[in-house]
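# This is the structure alone, sequence omitted:
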Ligand code: ADP
């Protein structure tokens with residue numbers, strides 16, 4: 001945190017210093033005007049020399065009026081030179097545009113070079129860097145706050161859950177009281193999952209989670225998820241079809257199990273009673289592919305766009321069964337493990353989620 005504050009202070013100092021110094025006579029506008037004038041003058045002279053040379057080699061060229069010869073040759077030369085010189089002025093704009101795109105994609109580590117020869121560009125880049133330091137500081141403050149508050153919530157929630165579970169097994173409760181206890185337990189579990197998800201997300205977003213790599217069987221891990229979720233799909237009479245290749249994988253076992261739990265859990269949650277779910281796992285070139293298909297309502301156009309946003313819940317009919325953090329968590333875990341996920345509708349109805357894990361940790 002101290003280091004961040006120092007960085008932010010340095011960026012502000014540089015920005016203030018640049019703003020305080022006067023641009024002087026050779027500002028960007030003057031330099032551009034001078035460059036264009038010099039370019040025109042030099043190229044008219046070069047075009048004149050060139051036209052004389054061409055006339056010597058091809059005497060018939062002299063039939064073209066001298067003005068037209070110079071105009072055509074200098075236009076070609078100026079066009080080529082402007083294209084080359086314009087990089088000098090437009091490269092910083094291109095870099096700024098790319099940096100802004102990365103920020104829009106959520107990367108707050110982007111910084112721009114402040115070593116440019118132009119004072120105006122130095123000032124713009126230093127301003128951008130300062131903005132990024134401030135944004136970073138706010139983000140850290142926010143995630144620290146969320147993570148601390150979630151931690152504080154955890155202990156009382158666990159206590160409520162524990163005591164309510166004890167109360168549930170009490171024989172002296174009336175039917176009505178039993179119903180209340182079940183409701184308390186259901187909502188406490190929801191709260192506990194939400195807090196757990198927020199904590200995990202904030203940990204992996206800050207990369208503070210240490211995820212030791214082990215070699216394990218992916219197909220076995222997926223089977224365990226399906227078995228653990230049996231109460232939910234068994235209750236709905238869902239037919240499960242699984243075609244899982246034996247695949248050994250080296251990576252974070254503890255993080256990956258959240259991926260299967262969420263994707264398969266969603267397929268179950270959104271499938272109707274008596275629906276069908278099919279899961280497949282296979283190797284494809286340098287990646288491992290996992291596909292989950294369901295016979296649910298599929299994704300709306302809006303859901304498809306926001307699937308991986310935090311707290312997004314497209315289908316509100318299942319609102320109480322989730323918190324909109326599952327897929328955001330999955331996306332982040334896969335980014336850390338070297339993988340990706342996408343969701344789409346199937347032509348025959350329902351949707352298909354495809355998870356890819358790249359064996360060398362990178363997309364080819
Ligand atoms: P939630 O806890 O609400 O399930 P997720 O992040 O797991 O949160 O999913 C976000 C949203 O994506 C869901 O609310 C739902 O609208 C949509 N979604 C995810 N999986 C499916 C699916 N298998 N079928 C239909 N919609 C889905």
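Everything's here; your move. Please read these numbers as outputs of a predicted model, since none were measured by experiment.
# Return the residues of the stretch 151-300 of the chain in contact with the ligand.
Within reach of the ligand by C-beta under 6 Å from any ligand atom, the stretch 151-300 of the chain has these residues: 262, 266, 267, 270, 294, 296, 297, 299. Glycine gets a C-beta too; all of them are placed from N, C-alpha and C.
# Check these and tell me the two furthest apart.
Distance extremes for these: the farthest pair is 262 and 297 at 18.0 Å, using C-beta to C-beta.
# now residue 162: how far from residue 314?
Residue 162 is 34 Å from residue 314, where distance means C-beta to C-beta, to the nearest Å.
# Once you drop chain neighbours, what's closest to the residue of the chain found nearest the ligand?
Using C-beta to the nearest ligand atom, the single residue of the chain nearest to the ligand is residue 322, 2.0 Å away. Of all residues not flanking residue 322 in the chain, residue 313 sits nearest, at 6.5 Å (C-beta to C-beta, 6 or more residues apart in numbering).
# picking that back up, for residue 162 and residue 314, work out which one has more neighbours and name it.
Neighbour tally, residue 162 and residue 314, criterion other C-beta atoms under 10 Å: the higher count belongs to residue 314, 18 against 11.
# Where does that one sit: helix, strand or coil?
Secondary structure for residue 314, judged by DSSP: H, G, I helix; E, B strand; the rest coil, is coil.
# Give me the more crowded residue out of residue 262 and residue 297.
Shown here are residue 262 and residue 297; by other C-beta under 10 Å, residue 262 has more neighbours (22 against 17).
# need the contact list for that one.
Counting by C-beta atoms under 8 Å, 6 or more residues apart in numbering, residue 262 touches 326, 327, 329, 330.
# Try it again at 10 Å.
Residue 262 makes contacts with 197, 225, 322, 325, 326, 327, 328, 329, 330, 333, 341, 353, as judged by C-beta atoms under 10 Å, 6 or more residues apart in numbering.
# quick one: which of the residues you listed is nearest to residue 231?
Using C-beta to C-beta, residue 225 comes nearest to residue 231 of those, at 12.8 Å.
# Helix, strand, or coil at residue 292?
Assignment for residue 292 (three-state DSSP): strand.
# Return, as residue ranges, the portions of the protein with sub-threshold pLDDT.
Regions of the chain meeting the criterion pLDDT under 70 cover residues 1-8, 22-26, 206-211, 319-320, 360-364.
# Okay, helices next: where are they in it?
2-20, 28-57, 66-104, 119-168, 175-205, 218-228, 230-235, 253-270, 301-306, 326-337 (DSSP state H).
# Can I get those helices in a markdown table including distance to residue 286?
Below are those laid out as a markdown table (distance: least, C-beta to C-beta, whole Å):
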| stretch | distance to residue 286 |
| --- | --- |
| helix 2-20 | 37 |
| helix 28-57 | 47 |
| helix 66-104 | 26 |
| helix 119-168 | 34 |
| helix 175-205 | 24 |
| helix 218-228 | 15 |
| helix 230-235 | 32 |
| helix 253-270 | 18 |
| helix 301-306 | 27 |
| helix 326-337 | 15 |
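# picking that back up, got the contacts of residue 262 as a markdown table, with neighbour count columns?
Converted to a markdown table, the contacts of residue 262 look like this (neighbours: other C-beta atoms under 10 Å):
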| residue | neighbour count |
| --- | --- |
| 197 | 21 |
| 225 | 19 |
| 322 | 19 |
| 325 | 21 |
| 326 | 22 |
| 327 | 22 |
| 328 | 20 |
| 329 | 23 |
| 330 | 25 |
| 333 | 24 |
| 341 | 21 |
| 353 | 24 |
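# Return the member of these nearest to residue 67.
residue 341 (65.6 Å).
# contacting residues for residue 128?
Going by C-beta under 10 Å, 6+ apart, the list of residues near residue 128 reads 11, 15, 95, 96, 99, 100, 103, 110, 111, 112, 114.
# so can I have CSV of those residues showing distance to residue 306 and neighbour count?
As requested, the contacts of residue 128 are exported to CSV (distance: C-beta to C-beta, whole Å; neighbours: other C-beta atoms under 10 Å):
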residue, distance to residue 306, neighbour count
11, 33, 21
15, 35, 21
95, 30, 16
96, 28, 15
99, 25, 18
100, 22, 12
103, 19, 15
110, 24, 15
111, 29, 13
112, 30, 20
114, 36, 18
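# want to try CSV for those, with distance to the ligand as columns?
Output for the contacts of residue 128, formatted as CSV (distance: C-beta to the nearest ligand atom, whole Å):
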residue, distance to the ligand
11, 36
15, 39
95, 35
96, 34
99, 29
100, 28
103, 24
110, 27
111, 32
112, 34
114, 40
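# any idea how far the residue with the largest distance to the centre of the chain is from residue 66?
Centroid-distance maximum for the chain: residue 59 at 64.5 Å, with C-alpha atoms, centre = their mean. According to C-beta to C-beta, residue 59 and residue 66 sit 14 Å apart.
# Check residue 16 too.
Residue 16 is 56 Å from residue 66, by C-beta to C-beta.
# If we ignore the residues flanking it in sequence, what's nearest residue 308?
In space, and not counting its chain neighbours, residue 308 is closest to residue 331: 4.3 Å by C-beta to C-beta, 6+ apart.
# Next, count neighbours for that neighbour.
Using other C-beta under 10 Å, the number of residues around residue 331 comes to 18.
# Could you pull up the contacting residues of it?
259, 307, 308, 309, 310, 339, 340, 341, 342.
# which of these count as buried?
Buried residues within the contacts of residue 331, counting neighbours by 16 or more other C-beta atoms under 10 Å: 259, 307, 308, 310, 339, 341.
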